[in-house]
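>>> Provided below are the primary sequence and the corresponding predicted coordinates.
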Amino acid sequence: MNKILFFAHLKDEVGEENIRIDVAGRTVAEVKELLAAEYNLQKLDSAMTAINEEFASNENVIEAGDEVAFIPPVSGG
Amino acid sequence: MNKILFFAHLKDEVGEENIRIDVAGRTVAEVKELLAAEYNLQKLDSAMTAINEEFASNENVIEAGDEVAFIPPVSGG
Amino acid sequence: MNFEIAKEPINIQAVIDKVVQRNAGAITTFIGTVRELTKGKKTLYLIYEAYESMAVKKLEQIGDEIKERWPGAEVAITHRVGRLDITDVAVVIAVSTPHRADAYEANRHAIERIKEIVPIWKKEHWEDGEEWIGDQLEKVAYPTGKPEEKDLYE
Amino acid sequence: MNFEIAKEPINIQAVIDKVVQRNAGAITTFIGTVRELTKGKKTLYLIYEAYESMAVKKLEQIGDEIKERWPGAEVAITHRVGRLDITDVAVVIAVSTPHRADAYEANRHAIERIKEIVPIWKKEHWEDGEEWIGDQLEKVAYPTGKPEEKDLYE
């Protein structure tokens, strides 16, 4: 099982701060595609991804138990 | 009459924070020469001069009542 | 605790105190405040949100980058989250170094990096609407799904 | 009273408060502190002395230069005089501007100008002696008896 976190506009669009689904064995790109379709997310492509709080690329494969966060362009400061 | 102010090492060498002498009609350069001789000041040449709290050049002529300050290289900050 | 996400107003002096050191001649701070007008549009207030645990890690990474590039530097950063009104303080960055040029440059590095890699977002609220603000550095979307190596790890 | 010579410890927050403005997104501060080691020599304490009335005028001049060059900037500077121990704060410069790049540059301008035109001097006290420090910018003596026009009036 994996915990998926959404922030900023993604959180608003999904309607949840996080969800739990099993995406072990899939790449980040595959999970983005799946979630974009499921929640009708237009801008997931422009989001960065973090696996266990470290930036990951679209090719990274998610393992069981990984926490995956989608990170829209940041605007702190 | 003029008030002449000394700071930092010049004050230590002169032994006074200020003196009163009449140097009206003289240039800054002339006053520097006069004071360097009087107080045996080695480094008066490298000091800036202010007349009435504004920087002045060696050619400036001092008027009656002017306050003249000798300003060694500054080291604030 | 030199790197923090705060839910309450930031005590600027407390952030500065973390970087005081006997061999620093200079401390610079950057204080990001909520500005009323941006491109002629009037902001009422902001909401800042963070991926808090990762944000702290990324602030620590920025501190490490600075200490490596500017030897002798000490760094502390606190970023606030929640609702902020005009003139409220969103972020305080304090950097101390032996000499002053480094303190300015290292501090500037910190704020630029915060805007690249620290997962914090702001939602602007205007009289006629609200929006999550992104892409402040006007970069294009990351084609590989993450910042380039050089962006992330310098 | 944005430009001051202080005989007591400087309240940093109070200097910052003077430059808070609704259209500033950035406030930078420079805090000059007394460093223990300079070129391997151990400082015990410093004495700062100022030509106070002129120093305030020259700090005001620096503020005017900044407001002319960086429109929208607000500036406050307090410099302390008297005896300062290691890590004590000698000067606080606060600058606010709408955008952050200006806040760094304008602040840097202020400290460089202080070291050129503001009549303040420090006497370093070491274990084996004391000396008035001058010529920090390593400039030659002013051949005309004053800084060049460009130095003074930019």
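Happy to help now that I have it. In this text the structure is predicted, and so the values were computed from the model without any measurement.
>>> what's the neighbour count on residue 45?
Reading this off chain A. By other CB atoms under 10 Å in any protein chain shown, 15 other residues sit near A:Asp45. The way it works is simple: take the backbone N, C-alpha and C, and place the C-beta from them, glycine included.
>>> oops, chain C please
If you count neighbours by other CB under 10 Å, C:Tyr45 ends up with 15.
>>> so it bridges to which residues?
According to DSSP bridges, the partner residues bridging C:Tyr45 are C:Asp85, C:His125.
>>> residues in contact with it?
With contacts defined as CB atoms under 8 Å, 6 or more residues apart in numbering or on different chains, C:Tyr45 is in contact with C:Val34, C:Arg83, C:Leu84, C:Asp85, C:Ile86, C:His125.
>>> what pLDDT does it get?
Per-residue confidence for C:Tyr45 comes out at a pLDDT of 97.
>>> if we can go back for a sec, of the contacts of C:Tyr45, just the buried ones, ChimeraX syntax please.
Remark: buried members of the contacts of C:Tyr45, expressed as a ChimeraX selection using 16 or more other CB atoms under 10 Å in any protein chain shown:
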select /C:34,84,86
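>>> closest to chain D out of the contacts of C:Tyr45?
Using CB to the nearest CB, C:Ile86 comes nearest to chain D of these, at 5.3 Å.
>>> A:Lys3: what's its closest spatial neighbour, skipping adjacent residues?
In space, and not counting its chain neighbours, A:Lys3 is closest to A:Glu67: 4.9 Å by CB to CB, 6 or more residues apart in numbering or on different chains.
>>> quick one: the one you found from C:Lys7, how far?
Taking CB to CB, to the nearest Å as the measure, A:Glu67 falls 22 Å from C:Lys7.
>>> before we move on, what about C:Ile16?
Taken as CB to CB, the spacing of C:Ile16 relative to C:Lys7 amounts to 20 Å.
>>> how about C:Lys57?
18 Å.
>>> please apply the same query to A:Leu35.
Spatial separation of A:Leu35 from C:Lys7 under the definition CB to CB is 29 Å.
>>> what does the biggest helix by length in chain A contact?
Counting residues, the longest helix in chain A under DSSP state H turns out to be helix A:28-39. Defining contact as CB under 8 Å, 6+ apart, one finds that helix A:28-39 is touched by A:4, A:13-14, A:23, A:26, A:41-42, A:44-45, A:47, A:49, A:51, A:56-60, A:62, A:68, A:70, C:145.
>>> now, of these, which are buried?
Applying the neighbour count, that is 16+ other CB under 10 Å, the buried entries in the contacts of helix A:28-39 are A:4, A:14, A:23, A:26, A:41, A:44, A:47, A:49, A:51, A:56-58, A:60, A:62, A:68, A:70, C:145.
>>> return the subset of these lying in helices.
Per DSSP H, helices hold the following members of the buried ones among the contacts of helix A:28-39: A:Val14.
>>> out of the buried ones among the contacts of helix A:28-39, which touch chain D?
With the criterion set as CB under 8 Å from any CB of the partner chain, no member of those is near chain D.
>>> tell me which of the buried ones among the contacts of helix A:28-39 fall in strands.
Assignment to strands by DSSP state E places the following of the buried ones among the contacts of helix A:28-39 there: A:Ile4, A:Thr49, A:Ile51, A:Ala56, A:Val68, A:Phe70.
>>> from memory the third one sits against A:Ile62, does it?
Yes: using CB atoms under 8 Å, A:Ile51 is in contact with A:Ile62, at 6.5 Å.
>>> return every residue with contacts to both of the two.
With contacts taken as CB under 8 Å, 6+ apart, A:Ile51 and A:Ile62 have A:Val28, A:Val68 as neighbours in common.
>>> how about the contacts made by C:Asn134?
Check again: residue C:134 is Gly, not Asn. Contacts here follow CB under 8 Å, 6+ apart; on that basis C:Gly134 touches A:Ala8, A:His9, A:Ser46, A:Pro72, A:Pro73, A:Val74, A:Ser75, C:Trp121.
>>> try 10 Å
Counting by CB atoms under 10 Å, 6 or more residues apart in numbering or on different chains, C:Gly134 makes contact with A:8-9, A:43, A:46-47, A:71-75, C:121-122, C:141.
>>> whichever residue of chain C sits closest to chain B: neighbour count?
Sorted by distance to chain B under CB to the nearest CB, the residues of chain C start with C:Arg100, at 8.0 Å. The local packing of C:Arg100 (other CB under 10 Å) involves 20 other residues.
>>> hmm, back to that, can you name the two of the ones in strands among the buried ones among the contacts of helix A:28-39 that sit furthest apart?
Considering CB to CB, no two members of these lie farther apart than A:Ile4 and A:Ala56, which are separated by 12.9 Å.
>>> how about the nearest residue to residue 47, chain neighbours excluded?
With no chain named, the answer covers chain A. Leaving out its chain neighbours, A:Ala47 is closest to A:Phe70 (CB to CB, 6+ apart), at 4.4 Å.
>>> oops, chain C please
C:Lys123 (4.4 Å).
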